[in-house]
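**Student:** Following is a predicted model, sequence given first.
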Amino acid sequence: QLQLVASGGGLVQPGGSLRLSCVASGFTLEDYAIGWFRQVPGKEREGVSCISSSGGSTNYADSVKGRFTISRDNAKNTVYLQMNSLKPEDTAIYFCARKVGVLCLHGNDYWGQGTQVTVSS
């Protein structure tokens, strides 16, 4: 059974850090690029970051560049999103999604459940 399970969210103060994890099962993670997305209720889902299947290519939304870092450990079937210098506007539900292929330019074909990130003092 194909699964993507995101975790690591929580409540953090502005300027703080969180590390999100996306654990894959039911398929070979190393064959797919993985993206992180976020959504605030009432707003469109936003792409945050993506990493190619090998980890050799990454991209970031302008709003998170220099603060977030995506990485992956294919041996552990896990993709990470390290989030530093968090801002209140980073508050959202964060999702990971499987790309239809090895590169980030591909579309998404499977979504995991989300994990809530709240940045507030």
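**Tutor:** Thanks, I have the structure now.

**Student:** Please make it C-alpha for all contacts and neighbour counts, starting now.
**Tutor:** OK.

**Student:** How far does the helix or strand bottoming out on mean pLDDT in the chain sit from its chain's centre?
**Tutor:** None of the helices or strands of the chain scores lower by mean pLDDT, DSSP states H and E than strand 108-111, at a mean of 93. Mean-position distance between strand 108-111 and its chain equals 13 Å (CA atoms, centre = their mean, to the nearest Å).

**Student:** ok, and the closest non-adjacent residue to the residue minimising distance to the centre of the chain?
**Tutor:** Nearest residue to the geometric centre of the chain (CA atoms, centre = their mean): residue 36, 2.7 Å. The shortest distance from residue 36 to any non-neighbouring residue, by CA to CA, 6 or more residues apart in numbering, is to residue 96 (4.4 Å).

**Student:** Equivalent analysis for residue 73, please.
**Tutor:** Leaving aside its sequence neighbours, residue 73 sits nearest to residue 79 (CA to CA, 6+ apart; 6.3 Å).
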